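J.: Kindly generate the corresponding structure for this input.
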Amino acid sequence: MKKEIEKRDFFKDPLTETELKKIIKISGKKPIEFLRKRDKMYKELDLENSKKTDAQLIKLMIKHPGLILRPIVIDGNKVTIGKIQKII
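T.: Sure thing, here's the model as predicted:
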């Protein structure tokens, strides 16, 4: 069964703080798990060694969308982030 896929480029159509919080909540993960460690802002902000709160991390991801690990796939109440393997 094929599903409709809606793509969103969140560099052109940024996520709101509310949307990102909802995605994180549905995923059951922590905001730090949504960080893309290879992004230059991750290194510039020294996020590896920082003690940012969840709220601070979310605000940084909204300000710098490159920090958000992608893709983010939302299927009902299930969220998958990062590399996705195609199942044949």
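J.: Just the strands from this structure, written as ranges.
T.: 72-75, 78-81 (DSSP state E).
J.: gap between residue 17 and residue 54?
T.: Using CB to CB, to the nearest Å, residue 17 is found at 12 Å from residue 54. From N, CA and C alone the C-beta is placed, and that goes for glycine too.
J.: I would like the residues contacting stretch 56-72, please.
T.: 10-11, 14-17, 20-21, 23-24, 31-36, 39-42, 45, 47, 52, 79-82, 84 (CB atoms under 8 Å, 6 or more residues apart in numbering).
J.: could you show me where the helices are in the chain, in order?
T.: Applying DSSP state H to the chain gives helices spanning 17-27, 40-44, 54-63.
J.: Flag the shaky bits of the chain, pLDDT-wise.
T.: Along the chain, the model assigns pLDDT under 70 to residues 84-88.
J.: Next, the distance between the ends of stretch 2-20.
T.: With CA to CA, to the nearest Å as the measure, stretch 2-20 spans 26 Å from end to end.
J.: can you check stretch 38-56 too?
T.: First residue to last in stretch 38-56 (CA to CA) measures 19 Å.
J.: Could you check that stretch and say which residues are buried?
T.: Judged by neighbour count using 16 or more other CB atoms under 10 Å, the buried positions of stretch 38-56 are 39, 41-42, 45, 47.
J.: okay, the helices of the chain in a markdown table with distance to residue 6 next?
T.: Below are those laid out as a markdown table (distance: least, CB to CB, whole Å):
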| stretch | distance to residue 6 |
| --- | --- |
| helix 17-27 | 13 |
| helix 40-44 | 27 |
| helix 54-63 | 20 |
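J.: So for residue 75, which of those sits nearest?
T.: helix 17-27 (10.2 Å; CB to CB).
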